[in-house]
Each structure stands twice: as structure tokens, then as C-alpha cells.
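A.B. asks: Provide a 3D model corresponding to the input given below.
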Amino acid sequence: MSLEFFIARRYLFAKKKVNFITIISIISIIGVATGVAALIIVLSVFNGFNTRVSSILIGFNPHIRIESNDGKTLENKSEVENKLNLAGVKNFSSYTLNKGLISTDRLNKAIIVKGVDEKSIGKVSGLQEVIKLGSLDLKNDGITGGIVLGRILAGEMRSLLGDTVTILSPSGMEKSLTQFVEPKLMKFVVTGIYEADNQEFDSKFAFISDKNSQELFELENKFNGIEIRFPDINDSENEKEKLSGILGDKYKVSTWFDLNSDYYSIMKIERWVAFIILSLIIIVACFNILASLIMTVIEKKRDIGILKAIGANERTIRRIFLFEGISVGFIGMASGFIIGVGTILVQKYFGFYKLDTRMYSIDALPVELRWMDLVIVPLAAMLLCYLASLYPAKKAAKEDPVSAIRWE
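C.D. replies: Numbering: from 1, shown residues only. Down below sits the predicted model:
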């Protein structure tokens, strides 16, 4: 044990009585511990929700979507599919995506109608896995087709399996306003109800067959795009660059992250705001460390003078008070780390903080520990404590030994 650390430990722990400086040091430890624990807990909660949202979005959406760069339908779908085959892409499926009006005898509502191939949709989407009632049966029997609705949408339309709904095409409605023709519409039988744990999906999206969609929205044999899924989602960015080079400027290639960038941007901003706000707790605690060390320097002025008189240099004195401030920060950081990690582990395995299952699809607050948070938070706390200790340590090192012990 070095001389500096031995003296710093004596100043910090070997006090015979509890004085004002000791109280401030204890408050500093509590402040650092509270800040570190709060940061670890809050960031873990953000991680849990982020993972939960990502699993929902990724499970329901493709890894990559190819669309026409001008926002119109694909000019030559077969050309794109041939290039995908040459690029070694195996799991892809074409789709149509249009706005329509769903109607029953009880309610009308604007929705997004997605036309898919039920034979290949399972390769690029987890739609089949989230169907809770019925099945993905979109066949056309010559009179009506099958339609799959979200749980919320089905509830709003008061539609059950086997009920009939009507979809009106916007193009048909426009023609009916300018010409004496009936609006373009088709009747569908509800064959499935899905629940994607996402209110936007469950309340807005309906799925029909691509053939029915092309007929309803007068697309002829055109599609709005092609969706792709890879064995490993982490390959999406690399495959995006590869496919962009192969397909050229006529096509827009978007990854799952691009398709949901709004969600991730909001979560990223919230995460940083929470980090900055909770860091203020540690900063306040560091001011307490600063104040307690300054008062310690004043209180130990005689000791500093004696140490310098017997040969201690400025570096030794500076390190004594640096060690004292860092020790306070380390005790607070370690305590907060243990409290924070312990709380998250208890929540993860026992779920003591419950959620209302009527509002959420999970019964407990989701949490996830990430090693990056467990490294950055303690290091940030220790850095702030170190910076708070610098000024008092330098002030102590500059004390004049003659004036410090003149009257002793």
C-alpha cells in the first residue's frame, strides 16, 4: 500500500467523531450511488423496451424492402426477381400496398390494404405466427376473397371469423364522383385475425391476396415492391449496399431500420435525455465531494505543513487528496452498481414490477442489461469524481509549509 493511499484512507475512515465533513462525504457517496443505480436501471428499461419493439417490428416486417425510386409500381418485377436470384437471395415475396376504405353495416374506416402471396409471405414475414384466430386463407372463390384483420381493427368493425366486409378502392371512388359508374369494391370474408402487439399494425393493416388487390386497385399485373428476409438480420446493411449496386438507381432499397427509423430516433433521443438528466444526480454529488475535500484541506492544513516539512513533495500531497476523492466516488459507484444490477436481475427473473395486461402485451416491465452500459456508467461516474477532486488536491499541494505550522 502506498503512503498516499494509506494517509487518504486514514483521513476518510479513521475519524474519531462524526463531523460536518464526514456527513458531506456520506451524502456524496449516497448521491453517486443513487445516480449510478438510477442510470443502470433506466437504461436497462429502455433496452428492454427497445428489444421488445424491435422483436415486434422485425417479426412482422421484412429485413429489406425494394420499391421503385419514383414511388410508383415496379416497372418490371420479373427483372428484379431474376437479379435477386443471381445475387443468391432465396427468401423474397412481392406485395401491393394501398389505402382503402373498409366497410360493414356498422362502421366505415380508412385502412392500409396489403396484397400478399400466401404461398411465399411466410418467407419474409411473421404474419402467420401472429394469427390468433383462423388462418392465412386468402383464396378467391369467385365471389369473395379472404381477408386477415388486426385484432383492434376487427374489434372496431365488430367483425368475427366468417363475417363479410367490403373494401372500397380510392380509384373507384374518384371515378364514381366524376362519372356515372359504381365505385370499385370487393367483398371479403374474414378468415383470420392477427395480433402483432403493435397498435398501429393491429388497427390499420388488412391482408388480402395479391390477385384480389391488383383487381381491386386496378394495378393490372403490377406490384408495389418486393420484400426480402435473410437468415441473419445483421446482414441487412451489407446486403442493402450489395443489392443497391445490382439493381441500380431505378429502385430504392430500404432495411428494416430504415422502415422504422422514426421509432428508433424517438427511443434514441429519449435514452440520451434520460442519461443526461440522471447524470445531474452524479454531478451534484461531485460538487459535494469538491466541498468536502476543500474543507478537509482547510482542516488538515497543519498535517500538510508537517508532511512537507519532513520531505513530502507537491505530487505526494496532491495524490493523497485525489485518492480520498476517488475513494468516495468508488464507494458510491460500486454501491450504485450493485444496487442497479441487483434490481434489474430481480426484475428480469421475478418480475416484481407488474404491468396491466389489458394495456400491454407483457405482464412485467421489460429490462435488459448491456455490457456497454455497465462499462460507460461506472466510468463516467469515476471520471466526474476525479475531476471534482482535482482542484482541492492542487490547492492542498500549493500550501506553504512555513505558514501552515508557524503557530503550532
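
A.B. asks: longest strand of the protein?
C.D. replies: strand 92-103 (DSSP state E).

A.B. asks: flag the shaky bits of this structure, pLDDT-wise.
C.D. replies: The chain contains residues with pLDDT under 70 at 1, 3-21, 140-143, 171-183, 300, 303-304, 307-309, 311-312, 356-361, 399-408.

A.B. asks: which elements pack onto the longest strand of the chain?
C.D. replies: Packing partners of strand 92-103 (3 or more Cβ pairs under 8 Å, 6 or more residues apart in numbering; DSSP states H and E): helix 77-86, strand 108-116, helix 121-124, strand 164-168, helix 170-178, helix 210-216, strand 225-228. C-beta: built from backbone N, CA, C; applies to glycine.

A.B. asks: quick one, longest helix in the chain?
C.D. replies: Assignment by DSSP state H gives helix 20-60 as the longest helix of the chain.

A.B. asks: check which helices and strands it sits against.
C.D. replies: In terms of contacts (3+ Cβ pairs under 8 Å, 6+ apart), helix 20-60 is packed against helix 256-259, helix 261-299, helix 314-350, helix 371-397.

A.B. asks: residue nearest the centroid of the chain?
C.D. replies: residue 50 (3.0 Å; Cα atoms, centre = their mean).

A.B. asks: surely it meets residue 267?
C.D. replies: Yes. The pair residue 50 and residue 267 passes the contact test of Cβ atoms under 8 Å, sitting 5.6 Å apart.

A.B. asks: relative to residue 64, how far out is residue 253?
C.D. replies: Taking Cβ to Cβ, to the nearest Å as the measure, residue 253 falls 6 Å from residue 64.

A.B. asks: list residues touching both of those two?
C.D. replies: Taking Cβ atoms under 8 Å, 6 or more residues apart in numbering as the contact rule, residue 253 and residue 64 both touch 240, 243.

A.B. asks: between those two, which is the more surrounded one?
C.D. replies: Each of residue 253 and residue 64 has its neighbours counted (other Cβ atoms under 10 Å); residue 64 has more, 26 against 22.

A.B. asks: quick check: beta-bridge partners of the more buried one?
C.D. replies: Residues in a beta bridge with residue 64, per DSSP bridges, are residue 228, residue 255.

A.B. asks: touching, it and residue 236? I think so.
C.D. replies: Yes. At 5.9 Å, residue 64 counts as touching residue 236 under the criterion of Cβ under 8 Å.

A.B. asks: quickly list what's touching both of those two.
C.D. replies: Common neighbours of residue 64 and residue 236, counting by Cβ under 8 Å, 6+ apart, are 230, 255-256.

A.B. asks: tabulate those residues (CSV), appending distance to residue 244.
C.D. replies: Listed next are the shared contacts of residue 64 and residue 236 as CSV, based on distance: Cβ to Cβ, whole Å:
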residue, distance to residue 244
230, 15
255, 11
256, 15
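
A.B. asks: so what's the nearest residue to residue 386 once chain neighbours are set aside up against?
C.D. replies: The shortest distance from residue 386 to any non-neighbouring residue, by Cβ to Cβ, 6 or more residues apart in numbering, is to residue 326 (6.0 Å). Counting by Cβ under 8 Å, 6+ apart, residue 326 touches 382, 385-386, 389.

A.B. asks: please report how far residue 326 lies from residue 31.
C.D. replies: Distance, residue 326 to residue 31, by Cβ to Cβ: 15 Å.

A.B. asks: what's the answer for residue 369, then?
C.D. replies: To residue 31, residue 369 is 23 Å away according to Cβ to Cβ.

A.B. asks: cool, and residue 386?
C.D. replies: Going from residue 386 to residue 31 by Cβ to Cβ gives 16 Å.

A.B. asks: out of those two, which sits in the more crowded spot?
C.D. replies: Higher neighbour count among residue 386 and residue 31: residue 31, with 22 against 16, using other Cβ under 10 Å.

A.B. asks: next, count neighbours for the residue lying closest to the more buried one once chain neighbours are set aside.
C.D. replies: Nearest non-adjacent residue to residue 31, counting by Cβ to Cβ, 6+ apart: residue 285, 2.7 Å away. If you count neighbours by other Cβ under 10 Å, residue 285 ends up with 28.

A.B. asks: show me the contacts for residue 285.
C.D. replies: Shown in contact with residue 285 (Cβ under 8 Å, 6+ apart): 27-32, 34-35, 332.

A.B. asks: 7 Å instead?
C.D. replies: 28, 31-32, 35, 332 (Cβ atoms under 7 Å, 6 or more residues apart in numbering).

A.B. asks: closest to residue 398 among these?
C.D. replies: Lowest distance from residue 398 to those (Cβ to Cβ) belongs to residue 28, with 23.5 Å.

A.B. asks: mind listing what that closest one touches?
C.D. replies: 285, 288-289, 292, 328, 332.

A.B. asks: what distance do you get for it to residue 391?
C.D. replies: Taking Cβ to Cβ, one finds residue 28 at 15 Å from residue 391.

A.B. asks: what's the domain layout of this structure?
C.D. replies: 3-57+263-405, 62-259 (automatic domain parsing).

A.B. asks: and the residue nearest to residue 227 when sequence neighbours are not counted, what element?
C.D. replies: What sits nearest to residue 227 in space, not counting adjacent residues and going by Cβ to Cβ, 6+ apart, is residue 62, at 3.6 Å. Here residue 62, judged by DSSP states H and E, is contained in no helix and no strand.

A.B. asks: for residue 62, phi and psi?
C.D. replies: phi -80, psi 170 (degrees, to the nearest 10).

A.B. asks: can you report how many residues neighbour it?
C.D. replies: For residue 62, the neighbour count with other Cβ under 10 Å is 27.

A.B. asks: need the contact list for it.
C.D. replies: Contacts of residue 62 by Cβ under 7 Å, 6+ apart are 124-125, 227-229, 256.
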